[in-house]
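Peer 1: build me a model from this:
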Amino acid sequence: MPADLSHIRNFGICAHIDAGKTTVSERILYYTGKTYKIGEVHEGTATMDFLEEEQERGITIQSAATTCPWQFEGRDFKLNLIDTPGHVDFTIEVERSLRVLDGAVAVFDGKEGVEAQSETVWRQADRYKVPRLCFINKMDKIGASFDFSYDSILKRLGANAIPIQVPIGTGHDHKGIVDLINQKAYYFEGDKGEEQVEREIPADMVEYVAKWRHVMIEKVAELDDALMEKYLADQVPTEAELKAALRKGTIERRCYPALCGAALRNVGVQRLLDAVCTFLPSPTEKPDVQGTDPRDKDKALTRPHDPDAPFSGLVFKVVSDIHGDLTYCRIYSGKITKGTRLLNPGNNKRENASRIFEMHAQNRIPLEETGAGNIVALVGIKDSFTGDTLCDMDDPIILERMHFPEPVISMSIEPKSQDDKRRLSEALMTIRREDPSFRFTYDEETGQTIISGMGELHLEIIKNKLVRDMKVNVEVGKPRVSYREAITRKVEYVRGKFVKQSGGRGQFGDCTIHFEPFTAEQAAAEEIDFTDNIAVVNEVVGGSIPKEYIPSVEYGIRQTCVTGVKFGYQMINVKATIVEGSYHAVDSSQVAFEQAGRLAVMEATEKAGPVLLEPIMKVVVTVPNEYLGNITGDISSRRGMIIDTEDRDPVKMVSAEIPLEELFGYTTSLRGMSQGRASATMEFLEYRAMPSGKMKEMLEAKAGGKPAKK
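Peer 2: Here you go, the predicted structure:
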């Protein structure tokens, strides 16, 4: 394995569900010599899908990491690979993987092109500034089209994809690929496609290849002024010049090389690995990692990707294990040896990395030492969770945290026995440590535990994990939607005054606020803290509220918004500005000003036009033409709005926006309406105001303890 950081590639495989990510990963493991047998998703034998639930369902639920060697152009490369899920319910796994990766391979279905979840993972990769390659997979599928799939990347993603390969045949006739850079054809022979055979371009493809090579050269020339001059002078760029310009453009995210193949038929995967080594960046080619000084949050710090710099790493995943929790860490700078003492600057706790492992799915290889650029699992870390920084004790830094999506669906869960009740809390804490998109709360009124997640499948997997893996017997209620509260207009000078006399020393707190709707974009523009989608600004002048009580007013405002004001759901997208108040020299206290803040928010909400927001899902239905009428009629009956209908002969792709409340059991209903031939994907889009009639009906039902009418 190379010690040279320039020979390390940290990359992930990400895509829409069923595009073939895990199948691509299995071929990578086989061709790099990491496994001696190719595992298949449809047989439940995939190495990277090692959970029982994954093997039963044939889907990836959690991201799996592995390290494998690859030899390219006489050099030894070390590939740290993460296979991520495609299902929207497990988007957190993609999110945290992309945060720590230097590059990614976006896999597309050669027949479907860009699909709904393809767009989601592409946006996530944009957020974390991850360079990408595009791999158009399943060219052996009936109806596959390289031209269509490539075009969908340009149009639907707005990405500057540059073709560097084209397929030799499609469907049953798919035999290999043509490399547009060196103008050679490659066939993959042997039992498992392990033998790459280089030949001349087939005679019947010369014209087709020439057309695509012209597209490639034209697009590459736009990346480099010297190449553009050459192109305009009708001079042909050399292979080295094309690769250099493509590599620079890919690392800078100005282009995305597009490759093709068929992983299931073992076509094109070795060439994909060569492209990973050629075009994706090594750790040293990424900008220095950004962070802040824990002793001074306004002071920015950086760390170079250098083994000799002070140690810094980011925890991106925690997996509970009977032999001790595995804490996955991406090391950005410095070195770590077995038994090293580390600091978590976020909570100021000291950690001990008693053991270090290089992971291969669920298998582990012990290491004595590792350093910058590597992804490893640590044992012995007790108080650090996903998103936390681990760093040198004497040179602390807090690295940028991750973005975690908010849950959109909840259901009640109750233990069956007293023994189960005791174990349930501990089990839920363990799952929460592993999965930051999962939440749980205890409802004092009903005595029920409420679990919240990203979708029905997400909660079903968690329930199965509790029962099957953790041996906690539970009864599960029906799923419930996580609504939100908001306001519709600005109100000014709303007073919250808390006065209490009880014989001895009294309580006195008094504050006045402005309360208004607010957005994340406004918060970013004004550089205001928008934690929990709530902004609180202090504009008190002249000391009408002493400085030591301002944080108490803010705490009161925030807590009231988080726990719900009018309807009992969290209030979001609001800004409270504290403008004035008064205090009592003896009776004022922090508790009194917390209560004053609470009273001010409750009063302001009543005047500001409170509304209930419901989560809206973006739903994409793939349906044969003959069932289109049934499907569109059903969408309308679910308060859905059809946004677009795209013709992809012989099926239609219907894009719609539908309230989550109307989507419980939708997949089953869809199968019934289409004799099992339609399918749907859905992802959270936004929170939107509920129609007043529906809101009134729901609140009446809640007050009466009955479910709302459909």
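Peer 1: where does this structure have low pLDDT?
Peer 2: The model of the chain has pLDDT under 70 over residues 1-3, 34-64, 85-93, 321-323, 361-362, 443-447, 502-504, 649, 702-710.
Peer 1: just want the most central residue of it.
Peer 2: Taking C-alpha atoms, centre = their mean as the criterion, residue 95 is the residue nearest the geometric centre of the chain, at 2.5 Å.
Peer 1: where does it land in three-state SS?
Peer 2: Classification of residue 95 by DSSP: H, G, I helix; E, B strand; the rest coil places it in helix.
Peer 1: so who does the closest residue to it other than its chain neighbours touch?
Peer 2: What sits nearest to residue 95 in space, not counting adjacent residues and going by C-beta to C-beta, 6 or more residues apart in numbering, is residue 124, at 5.8 Å. (Each C-beta comes from the backbone N, C-alpha and C, glycine too.) Residues in contact with residue 124 (C-beta atoms under 8 Å, 6 or more residues apart in numbering) are 14, 91, 94-95, 98.
Peer 1: scan the residues you listed and report the most crowded one.
Peer 2: Among the contacts of residue 124, residue 14 has the most neighbours (other C-beta atoms under 10 Å), with 31 neighbours.
Peer 1: what's the separation between the residue nearest to residue 15 when sequence neighbours are not counted and residue 388?
Peer 2: Using C-beta to C-beta, 6+ apart and skipping residues adjacent in sequence, the residue nearest residue 15 is residue 107, 3.8 Å away. Distance of residue 107 to residue 388, computed by C-beta to C-beta, to the nearest Å: 30 Å.
Peer 1: contacts for stretch 294-311 next, please.
Peer 2: Outside of stretch 294-311, the residues that reach it under the criterion C-beta under 8 Å, 6+ apart are 5, 283-284, 286, 288-293, 312, 331-336, 340, 342, 345-346, 348, 371-373, 390-392, 394-398.
Peer 1: let's go with 7 Å and repeat that
Peer 2: Around stretch 294-311, the neighbours that count as contacts under C-beta atoms under 7 Å, 6 or more residues apart in numbering are 5, 283-284, 286, 288-293, 312, 332-336, 345, 371-373, 391-392, 395-398.
Peer 1: that older thread, next one: the residue nearest to the centre of the chain from residue 654, what distance?
Peer 2: Counting by C-beta to C-beta, the gap between residue 95 and residue 654 amounts to 27 Å.
Peer 1: what does residue 403 give?
Peer 2: Going from residue 403 to residue 654 by C-beta to C-beta gives 29 Å.
Peer 1: residue 367 now?
Peer 2: Remark: distance between residue 367 and residue 654 (C-beta to C-beta) = 51 Å.
Peer 1: which of these two has more neighbours?
Peer 2: Set residue 367 next to residue 654 and count neighbours by other C-beta under 10 Å: residue 654 wins out with 22 against 16.
Peer 1: tally of neighbours for the closest residue to that one other than its chain neighbours?
Peer 2: Distance criterion C-beta to C-beta, 6+ apart; nearest residue to residue 654, sequence neighbours excluded, is residue 621 at 4.5 Å. By other C-beta under 10 Å, 26 other residues sit near residue 621.
Peer 1: how much space separates residue 621 from residue 653?
Peer 2: Distance from residue 621 to residue 653, by C-beta to C-beta: 7 Å.
Peer 1: next, show the common contact partners of these two.
Peer 2: Common contacts of residue 621 and residue 653, defined by C-beta under 7 Å, 6+ apart, are absent altogether.
Peer 1: next, the buried residues of the host helix or strand of residue 154.
Peer 2: Residue 154 is located in helix 146-157, with elements delineated by DSSP states H and E. Residues of helix 146-157 classed as buried under the neighbour-count rule (16 or more other C-beta atoms under 10 Å) are 146, 149-150, 152-153, 156-157.
Peer 1: make JSON lines out of the residues you listed and add distance to residue 683.
Peer 2: As requested, the buried residues of helix 146-157 are arranged in JSON lines below (distance: C-beta to C-beta, whole Å):
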{"residue": "146", "distance to residue 683": "27"}
{"residue": "149", "distance to residue 683": "21"}
{"residue": "150", "distance to residue 683": "24"}
{"residue": "152", "distance to residue 683": "18"}
{"residue": "153", "distance to residue 683": "19"}
{"residue": "156", "distance to residue 683": "15"}
{"residue": "157", "distance to residue 683": "15"}
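Peer 1: out of the residues you listed, which one sits closest to residue 166?
Peer 2: Proximity of these to residue 166 (C-beta to C-beta) peaks at residue 146, which lies at 5.9 Å.
Peer 1: residue 259 versus that closest one, what's the distance?
Peer 2: As for residue 146, its distance to residue 259 is 10 Å (criterion: C-beta to C-beta).
Peer 1: residue 101 too?
Peer 2: Going from residue 101 to residue 259 by C-beta to C-beta gives 18 Å.
Peer 1: name the strands paired with the lengthiest strand in the chain and say parallel or antiparallel.
Peer 2: With DSSP state E applied, the strand covering the greatest number of residues in the chain is identified as strand 610-624. The strands that strand 610-624 pairs with in its sheet are strand 484-487 (antiparallel), strand 651-659 (antiparallel), strand 679-689 (antiparallel) (by DSSP bridges).
Peer 1: quick check: next helix or strand after it?
Peer 2: Read in the C-terminal direction, the helix or strand following strand 610-624 is helix 628-637, with elements assigned using DSSP H and E.
Peer 1: ok and that next one relative to strand 679-689, angle-wise?
Peer 2: 20 degrees (axes from the mean of the first three to the mean of the last three C-alpha atoms, to 10 degrees).
Peer 1: elements contacting helix 628-637?
Peer 2: Identification of packing neighbours for helix 628-637 by 3 or more C-beta pairs under 7 Å, 6 or more residues apart in numbering; DSSP states H and E yields strand 651-659, helix 666-673.
Peer 1: alpha carbons of the shortest one, as CSV, please.
Peer 2: This means helix 666-673. Written as CSV, here are the backbone C-alpha positions of helix 666-673 (Å, rounded to 0.1, in the frame of the first residue of the first chain):
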residue,chain,number,x,y,z
TYR,A,666,-49.2,4.6,-1.4
THR,A,667,-46.9,2.0,-2.8
THR,A,668,-49.4,-0.8,-2.1
SER,A,669,-52.2,1.3,-3.6
LEU,A,670,-50.1,2.1,-6.7
ARG,A,671,-49.5,-1.6,-7.3
GLY,A,672,-53.2,-2.3,-7.1
MET,A,673,-54.1,0.4,-9.6
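Peer 1: run through who's touching it.
Peer 2: With contacts defined as C-beta under 7 Å, 6+ apart, helix 666-673 is touched by 621, 627, 630-631, 634, 678, 680.
Peer 1: can you check stretch 233-247 too?
Peer 2: The contact list for stretch 233-247, computed with C-beta under 7 Å, 6+ apart, reads 162, 181-182, 217, 220, 223-224, 227, 230, 255, 257, 278-279.
Peer 1: try it again with 6 Å
Peer 2: If you take C-beta atoms under 6 Å, 6 or more residues apart in numbering as the criterion, stretch 233-247 is touched by 181-182, 220, 223-224, 227, 230, 257, 279.
Peer 1: which of these count as buried?
Peer 2: With burial judged by 16+ other C-beta under 10 Å, the buried subset of those is 181, 220, 223-224, 227, 230, 257, 279.
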